[in-house]
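Enquirer: here is the input, now give the coordinates:
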Amino acid sequence: MVVADSLDLMHALVLDNGRRWGEVATVEQRTLAAAVLEPKAGPRLIWLEAPKGYSKSTDTAGLSIARLATDFPPLAEGYVVAADLDQSNRLLDKARGLIARSGLGGVLRVEAHRLVNVKTGARMVALAADAPSAEGLLSPWYVLDELPRWPDTTSARGMWTAAFSSLPKWRGAQLVVLGHAGDPSHWSYRLRERARTSGAWLFGT
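Expert: Numbering: from 1, shown residues only. Okay, the predicted model is just below:
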């Protein structure tokens with residue numbers, strides 16, 4: 001596959017049913033993809049809530065592939081963060097399937113806990129929210145998977161703070177949160193309510 005434009009690439013990705021994403025995506029999915037991949041002055045902060053089976057993980061894996069293949073500067077590092085390494089790697093597994101079915105093996109190399117742009121050395125890395133240290137994260141792209149299920153620990157909260165506070169340090173950096181309303185007693189609920197009511201966030205359900 002010839003890779004040029006990130007949105008065109010997103011539309012061309014082959015799903016596990018053999019059809020291309022652009023053939024089956026709803027108007028809402030297409031609108032979201034356009035907002036994320038061709039943002040111009042659009043949102044840098046995206047919070048996605050959807051019921052199980054809505055395809056938010058597959059769509060986010062596709063968005064990550066599109067950005068990594070076309071937009072990441074050389075040697076840049078994007079992050080997929082979840083409650084544990086197995087969970088974050090599940091989203092990368094979705095990406096691995098899309099890469100294989102779409103003939104992108106010559107563009108993106110699949111490794112144990114990361115995807116690598118063969119030409120530029122840019123990569124997408126799976127991390128656990130409870131990683132020993134999140135300090136020093138600097139990235140154009142963060143995916144925080146199932147944030148309401150992250151542990152209530154100092155290190156998990158620190159991961160959120162490190163990712164969110166680093167966004168102004170990278171021009172055009174974006175952060176995507178996947179989740180649901182969750183337990184109001186969980187520390188992420190306050191963040192969710194802020195995202196839901198703030199014009200700085202694209203809040204999708």
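Enquirer: now do the SS call for residue 159.
Expert: Following DSSP: H, G, I helix; E, B strand; the rest coil, the label given to residue 159 is helix.
Enquirer: how many residues are close by it?
Expert: Neighbour count of residue 159, defined by other CB atoms under 10 Å: 26. No exception for glycine: its C-beta is placed from N, CA and C like everyone else's.
Enquirer: and the spatially most central residue of the chain, backbone torsions?
Expert: Centre of the chain computed as the mean C-alpha position; nearest residue by CA atoms, centre = their mean is residue 143, 3.4 Å away. Dihedral angles of residue 143 (phi, psi; degrees, to the nearest 10) stand at phi -120, psi 120.
Enquirer: which residues in the protein form strands?
Expert: 45-49, 77-82, 108-110, 114-117, 123-128, 141-144, 174-179, 201-204 (DSSP state E).
Enquirer: ends of stretch 38-50, how far apart?
Expert: End-to-end distance for stretch 38-50: 22 Å, by CA to CA, to the nearest Å.
Enquirer: ok, now stretch 144-155?
Expert: Distance between the two ends of stretch 144-155: 14 Å, counting by CA to CA.
Enquirer: do stretch 109-125 as well
Expert: Rule used - CA to CA; the end-to-end distance of stretch 109-125 is 12 Å.
Enquirer: follow-up on the earlier one: pipe the strands of the chain into JSON lines and attach mean pLDDT and distance to residue 153 per row.
Expert: Shown next, in JSON lines, are those (pLDDT from 0 to 100; distance: least, CB to CB, whole Å):
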{"stretch": "strand 45-49", "mean pLDDT": "90", "distance to residue 153": "22"}
{"stretch": "strand 77-82", "mean pLDDT": "95", "distance to residue 153": "13"}
{"stretch": "strand 108-110", "mean pLDDT": "95", "distance to residue 153": "30"}
{"stretch": "strand 114-117", "mean pLDDT": "96", "distance to residue 153": "24"}
{"stretch": "strand 123-128", "mean pLDDT": "94", "distance to residue 153": "11"}
{"stretch": "strand 141-144", "mean pLDDT": "95", "distance to residue 153": "15"}
{"stretch": "strand 174-179", "mean pLDDT": "92", "distance to residue 153": "17"}
{"stretch": "strand 201-204", "mean pLDDT": "87", "distance to residue 153": "25"}
